[in-house]
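Trainee: What shape does this take:
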Amino acid sequence: MTWRGMRALLGSAHLGPTLAVTALAALLTVPAGVGGGRAVLVVAAVLTGQLSIGWSNDLVDVRRDRAVGRTDKPLATGELSERLVRWCCGAALVATVVLSLAAGLPAGLAHLLLVASGWAYNLGLKATALSWLPYAVAFGGLPAFVWLAGPDAPPLWGVAAGALLGVGAHLTNVLPDLGDDAATGVRGLPHRLGPRLLPVAAVAVLVAASVVIALGAPGLPRWALGAGALLVAALAGLALVRGGRDSFRAAVGIALVDVALLVVAG
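Mentor: Sure, this is the predicted structure:
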């Protein structure tokens, strides 16, 4: 495969969000006390799981993407073959099952539930009023998976914060595609909120997640709390003012700030 083809294949897996979630998992292994080979299994399982979700998303949406003329989708433009992406998606899914269960049965089942929620979103929930639910389960399940792979039980406040971050990421991620989604009959929660209420709701949920971490994280130094609050406020303002893909990037930024706070507290 050429370099261009490899870039197209990775792009079809939604590489940016995939790497962001994988990085979050890697950072979470620090406060969760997961080290050595177990940490490698956790990170690898998250990577393959996210790849499978990304590829399945483009496979399910290929006809809709063609209908609205999405030039940023390699499957829609014909740059990639559906057969190749199906094979890669299936291989990633099998690897996810193996790697997840190798990290321990409770942790593995938690991660497979997380991945299943992503697939459920792709296969139809994104077009319903429950479109937020897979994101809440997936992001809330991420800290649960990492902690279950370690010596301690997952903190409930961490799971709650993750769920809120997931809902916020969902709300901001849909912003650039509202018009295309409406043209093809997709009406998830963000579409029902509309372009005026959607940014406000997204910022409110993301700030709520940050508050949960600030109140719940043990041993968080004041300097870290102050710096985190300033960064979250700035990123929330960016999400509210800029919109579009910048809103999603700001949401990921807030998530990274929150994980950094977890690492400091740990």
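
Trainee: and the helix or strand hosting P134, what other elements does it pack with?
Mentor: In this assignment (DSSP states H and E), P134 forms part of helix 132-148. On a contact count with 3 or more CB pairs under 8 Å, 6 or more residues apart in numbering; DSSP states H and E, helix 132-148 meets helix 15-32, helix 36-67, helix 105-122, helix 156-174. Where you see a C-beta, it was placed from the backbone N, CA and C, and this is true even at glycine.

Trainee: Buried deepest among those helices, which one?
Mentor: Relative to the other members of these, helix 156-174 carries the highest mean neighbour count by mean count of other CB atoms under 10 Å, namely a mean of 24.

Trainee: need the contact list for the closest residue to G141 other than its chain neighbours.
Mentor: What sits nearest to G141 in space, not counting adjacent residues and going by CB to CB, 6 or more residues apart in numbering, is L114, at 3.7 Å. Remark: with contacts taken as CB atoms under 8 Å, 6 or more residues apart in numbering, L114 is in contact with 49, 137-138, 141-142, 145.

Trainee: ok, back up a step: want to throw the helices and strands packed on helix 132-148 into a markdown table with distance to L235 and mean pLDDT?
Mentor: Compiled in a markdown table, the helices and strands packed on helix 132-148 are given as follows (distance: least, CB to CB, whole Å; pLDDT from 0 to 100):
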| stretch | distance to L235 | mean pLDDT |
| --- | --- | --- |
| helix 15-32 | 14 | 90 |
| helix 36-67 | 22 | 93 |
| helix 105-122 | 24 | 96 |
| helix 156-174 | 11 | 86 |
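
Trainee: Minimum distance to M6: which of these has it?
Mentor: Closest to M6 of these is helix 15-32 (CB to CB; 10.8 Å).

Trainee: what's the pLDDT at A127?
Mentor: Per-residue confidence for A127 comes out at a pLDDT of 86.

Trainee: pLDDT score assigned to L238?
Mentor: Listed pLDDT for L238 reads 83.

Trainee: one step back: gap between the residue nearest to G141 and A239?
Mentor: Counting by CB to CB, to the nearest Å, the gap from L114 to A239 is 24 Å.

Trainee: Can you give the distance of the helix holding P134 from its chain's centre?
Mentor: 9 Å (CA atoms, centre = their mean, to the nearest Å).

Trainee: name the helices or strands packed onto the strand or helix carrying A91?
Mentor: When elements are defined using DSSP H and E, A91 is found to belong to helix 82-102. When contacts are defined as 3+ CB pairs under 8 Å, 6+ apart, helix 82-102 packs onto helix 3-12, helix 36-67, helix 105-122.

Trainee: so which helix or strand takes in P195?
Mentor: Applying DSSP H and E, one finds P195 within helix 189-216.

Trainee: Which positions within that helix qualify as buried?
Mentor: By neighbour count, and taking 16 or more other CB atoms under 10 Å as the criterion, the buried residues in helix 189-216 are 189-191, 193, 198-199, 201-203, 205-207, 209-210, 212-214, 216.

Trainee: what packs against it?
Mentor: Judged by 3+ CB pairs under 8 Å, 6+ apart, helix 189-216 is in contact with helix 156-174, helix 178-183, helix 222-242, helix 244-265.

Trainee: same thing but 6 Å
Mentor: Counting contacts by 3 or more CB pairs under 6 Å, 6 or more residues apart in numbering; DSSP states H and E, helix 189-216 is packed against helix 156-174, helix 222-242, helix 244-265.

Trainee: export the ones you listed to a markdown table and tack on distance to N57?
Mentor: A markdown table is the format used below for these (distance: least, CB to CB, whole Å):
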| stretch | distance to N57 |
| --- | --- |
| helix 156-174 | 11 |
| helix 222-242 | 22 |
| helix 244-265 | 14 |
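
Trainee: Check the spacing between the closest residue to Y121 other than its chain neighbours and L113 real quick.
Mentor: With CB to CB, 6+ apart as the measure, P134 is the residue that lies nearest to Y121, at 3.8 Å, once sequence neighbours are left out. P134 is 10 Å from L113, where distance means CB to CB.

Trainee: All set, thanks.
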